[in-house]
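S.K.: Sequence below, structure please.
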Amino acid sequence: MRIPARVVRAAVAGLAIVTAVAVAAWCSACTAPDQQPHQASQPADAELNPLVARGEVEKVSGGFTFTEGPVWLASRGVLLFSDVPADTINQLQPPATITVFRRPTGRSNGLGLDPQGRLIASEGDNRRVSRTLAEGTVVTVADRWQGKRLNSPNDNITRSDGTIYFTDPPYGLPPGQARELDFQGVFRVDPAGTLHLESREFNRPNGVALSPDEKTLYVDDTADGLVRTFPVRPDGSLGASTIFVPSTGGGGDGIAVDGAGNVYVATDGGVKVYRPSGALWGTIPVPEVPSNCTFGGADRKTLYITAKTSLYRVALRIPGFS
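M.R.: Numbers count the residues shown, from 1 in each chain. Take a look at the predicted model:
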């Protein structure tokens, strides 16, 4: 996620605390089994072209500042997404009802879910990854590496055993605050809560996603315009990376994966869709430059796309995984 400084300066002031209604609704659903990530996917033929017979890209809502970080809450049938400069997490009740879920958010960017269905947020202003507990309390998951503050966590994904992976570029670093790390890392928080540095080879690590079998981690690099893969070991640690996509054609932001292992990457040229081998299936054009995407809907066949000031969706034939 790259937000122009002029957009950040134009963010809405006068923030309010999340409404009691939103907190109650969230807390009542936190431990619902069907809200666990990675359980809604159905097996699919990896060679089935995911773009055949796709629907039209539809604008759901607009007028936001900079949208990011969509995540689907299956038990409630709603989508959450960040409006980063506005310091707000919004909630979509399909088809098109938008309400404020939380404000302020620490300028949250990427959003995810842990195995208990609890919200995991990458917060740029707070320079941390947080978890929302069942009763609504927001607690820190990670904010320092070897005593030094993180840059500005950007995106996250959680494995079924509770291992959290997140990227830490400097894009969301609050004005006037100095960097304390001299690298942009990919980190892992193990189920016991210990933070591990997995990679410092990126220029600007951004989107992160897991394959359906959770044996591969995808991370893109916005500045270098490429996507890397890492083998995931049984203990959650990562092996050496390889280049999955050597050139996205420009940028590289949020990533989603469908049940067949196809990889959807938000790029400057639209959402590009790659086979599990890395070969390009094609591109989903979006009226605005996309920042992120995720699957949602009862059948997980709707791809929701955050893009600049708007939220879009498109119906696809293969259900999503992450």
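S.K.: Give me the pLDDT value at Q35.
M.R.: On the pLDDT scale, Q35 is placed at 38.
S.K.: What of N109?
M.R.: The model's pLDDT for N109 equals 98.
S.K.: I'd assumed N151 was in contact with it.
M.R.: No: in this structure, N109 is not within contact of N151 by CB atoms under 8 Å, at 11.9 Å. (Each C-beta comes from the backbone N, C-alpha and C, glycine too.)
S.K.: who has more neighbours, these two?
M.R.: N109 (31 against 24; other CB atoms under 10 Å).
S.K.: which residues in this structure form helices?
M.R.: Listed in chain order, the helices of the chain (DSSP state H) span 5-9, 20-29.
S.K.: hey, C-alpha coordinates of stretch 310-322 in CSV?
M.R.: Extracted in CSV, the C-alpha atoms of stretch 310-322 (Å, rounded to 0.1, in the frame of the first residue of the first chain):
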residue,chain,number,x,y,z
SER,A,310,-13.7,2.9,-3.8
LEU,A,311,-14.7,-0.7,-3.1
TYR,A,312,-15.4,-3.1,-6.1
ARG,A,313,-16.5,-6.7,-6.5
VAL,A,314,-16.5,-9.3,-9.3
ALA,A,315,-18.1,-12.7,-9.4
LEU,A,316,-15.7,-15.6,-10.2
ARG,A,317,-16.1,-19.3,-10.8
ILE,A,318,-13.6,-20.7,-8.3
PRO,A,319,-14.1,-20.1,-4.6
GLY,A,320,-11.4,-18.3,-2.6
PHE,A,321,-9.0,-19.6,0.0
SER,A,322,-7.4,-16.5,1.4
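S.K.: in that stretch, what's buried?
M.R.: Buried residues in stretch 310-322, defined by neighbour count with 16 or more other CB atoms under 10 Å: S310, L311, Y312, R313, V314, L316, R317, I318, P319, G320, F321, S322.
S.K.: Redo those residues as a markdown table? Include distance to K59 and pLDDT.
M.R.: Converted to a markdown table, the buried residues of stretch 310-322 look like this (distance: CB to CB, whole Å; pLDDT from 0 to 100):
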| residue | distance to K59 | pLDDT |
| --- | --- | --- |
| S310 | 6 | 98 |
| L311 | 8 | 98 |
| Y312 | 6 | 98 |
| R313 | 8 | 98 |
| V314 | 11 | 98 |
| L316 | 17 | 98 |
| R317 | 21 | 96 |
| I318 | 23 | 97 |
| P319 | 23 | 97 |
| G320 | 20 | 97 |
| F321 | 25 | 92 |
| S322 | 24 | 74 |
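S.K.: Sort out which of those residues are in strands and list them.
M.R.: Among the buried residues of stretch 310-322, the ones falling in strands (DSSP state E) are S310, L311, Y312, R313, V314.
S.K.: so the third one sits right up against Y304, yeah?
M.R.: Yes: using CB under 8 Å, Y312 is in contact with Y304, at 7.3 Å.
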